[in-house]
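Asker: Predicted model, plus sequence, below.
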Amino acid sequence: MIPAPAETVASDMRFGAIVRTQGNRPELLVEALESLRCQRPACTAVVTVHASPEVFESVQTLCSRVDLPMQLLHAAEVRRRRGYPLNVGLAWCYENGGFDALFFLDDDDIVYPMFTRCMAQAFSATGADVVYAASNKRRLPDAPEAGYRPMHFSRLVVENFIPINSYAVRCTRLTQTRPLFDETLDYTEDWSFLLNLLALGFRFEPLGITLSEFRITSDGNTAVKRNPKAWERDALRIREQIERTMFPLAGDALVRMALHLNADGTARHGMPACGNADADPRALLLWGRLRKAWHQLPFPARRIIVRLYQRLSGEKEAS
């Protein structure tokens, strides 16, 4: 069974935010850091600068003007891919952080003022290892608009609907397993990381509120890619990762579950899936109790139940 999380009062949770930057968007970086400064519970920024020594020095000067607990790290190997600076931050946090929860920002992201408060309350109320929320998108100078909304976690085997700035992870589970980002991927390292957490048995819990915002500045947030071949290559790598991974439920079973969910997060047969704010409250209460009981079962028992359900469903369809 998944071990019970350590008891921590929500208001006392210590948050760390790993902020990834190349130092070439100073105005946006300041906005990202300012969005952390107003969080309660407070958080510490772990800024990883993936750039030359000269750029690192300029970022140091910039960050010294922001009144925020901060640790600056130099990810000096500039030829390495996007996962590298995040791993530099994770490695430091695993050894020195002392945090209760971690989350991630790129320098063109911000979190809204209630981010850590809502995350802390969700961790305390649900015992989840990963809490994820909705995220707005914004093309400057236009106003923000709806971006991604939370769906059932099993949908991750079909698409990545959880932006890197929209979730937090409990550190007790992180420090036990010490997962890292895949540094061989050009674009989808964030999706691969979430799939690794899922495979490690991390419990995911959605929040149906919007707590962050990403700016449409990079190739990852545009419909037409500057390097479509690299995107296609990474997408195939993700598919291979899913197919070869034994999740707490088998990967193919998770795919079938995800494909039986509607795009709005509701189940095909009307059962309210996680994050569906419009479902009947009584049905949501029942579903919450069933889900809690499910998470308390050992993984072998879950597999037996799933296989029995699949067998009975197949016999019913055949007859």
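Answerer: It's in.

Asker: Which stretches in the stretch 1-150 of the chain count as strands?
Answerer: Here the stretch 1-150 of the chain has its strands, by DSSP state E, counting those that start in this stretch, at 15-21, 43-49, 70-74, 101-106, 109-111, 130-138, 145-148.

Asker: Now do the longest one, average pLDDT.
Answerer: Strand 130-138 shows an average pLDDT of 95 in the prediction.

Asker: go on, the fourth one?
Answerer: With pLDDT averaged residue by residue, strand 101-106 scores 98.

Asker: count of residues packed around residue 144?
Answerer: Applying other Cβ atoms under 10 Å, we find 17 residues neighbouring residue 144. Backbone N, C-alpha and C define where each C-beta goes, glycine included.

Asker: How about residue 68?
Answerer: Counted by other Cβ under 10 Å, the residues lying close to residue 68 total 17.

Asker: and if you look at the one 5 residues further on?
Answerer: Around residue 73 sit 19 other residues, with neighbours defined as other Cβ under 10 Å.

Asker: which one is it nearest to, not counting chain neighbours?
Answerer: residue 48 (4.7 Å; Cβ to Cβ, 6 or more residues apart in numbering).

Asker: How about residue 164?
Answerer: The shortest distance from residue 164 to any non-neighbouring residue, by Cβ to Cβ, 6+ apart, is to residue 190 (4.4 Å).

Asker: and that neighbour, helix, strand or coil?
Answerer: helix (DSSP: H, G, I helix; E, B strand; the rest coil).

Asker: Where does pLDDT dip in the stretch 101-250 of the chain?
Answerer: Applying pLDDT under 70 to the stretch 101-250 of the chain picks out residues 218-226, 249-250.

Asker: Which parts of it are helices?
Answerer: Here the stretch 101-250 of the chain has its helices, by DSSP state H, counting those that start in this stretch, at 115-126, 171-177, 189-199, 228-244.

Asker: Using the record's domain definitions, break the chain down for me.
Answerer: Residue ranges for the domains of the chain, per automatic domain parsing: 10-244, 251-318.

Asker: highest average neighbour count across the ones you listed?
Answerer: The highest mean neighbour count among the domains of the chain, using mean count of other Cβ atoms under 10 Å, belongs to domain 10-244: a mean of 19.

Asker: gap between that one and the chain center?
Answerer: Taking Cα atoms, centre = their mean, to the nearest Å, the mean C-alpha location of domain 10-244 is offset from the chain mean by 7 Å.

Asker: 37 is where my numbering starts, stick with that
Answerer: New numbering, starting at 37: the last item is domain 46-280.

Asker: Now do the lengthiest strand in the chain against helix 151-162: the angle between them, please.
Answerer: As assigned by DSSP state E, the longest strand anywhere in the chain is strand 240-251. Orientation note: strand 240-251 sits at an angle of 170 degrees relative to helix 151-162 (axes from the mean of the first three to the mean of the last three Cα atoms, to 10 degrees).

Asker: quick one: strands adjacent to strand 240-251?
Answerer: Applying DSSP bridges, strand 240-251 is found paired with strand 145-147 (antiparallel), strand 166-174 (parallel).

Asker: would you turn the ones you listed into TSV with distance to residue 197?
Answerer: Shown next, in TSV, are these (distance: least, Cβ to Cβ, whole Å):
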stretch	distance to residue 197
strand 145-147	16
strand 166-174	9
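
Asker: how about those, which one is nearest residue 283?
Answerer: strand 166-174 (14.1 Å; Cβ to Cβ).

Asker: shouldn't residue 247 be in contact with residue 146?
Answerer: No: between residue 247 and residue 146 there is no contact under Cβ atoms under 8 Å: 10.2 Å.

Asker: about what we covered before: what bridges to the residue nearest to residue 109?
Answerer: Beta-bridge partners for residue 84, by DSSP bridges, are residue 56, residue 109.

Asker: Quick check: pLDDT value at it.
Answerer: 98.

Asker: Same check on the one 10 residues further on?
Answerer: Model confidence at residue 94, given as pLDDT, is 97.

Asker: Spatially nearest residue to it, not counting backbone neighbours?
Answerer: Excluding its sequence neighbours, the residue lying closest to residue 94 (Cβ to Cβ, 6+ apart) is residue 59, at 6.3 Å.

Asker: Nothing else from me, thank you.
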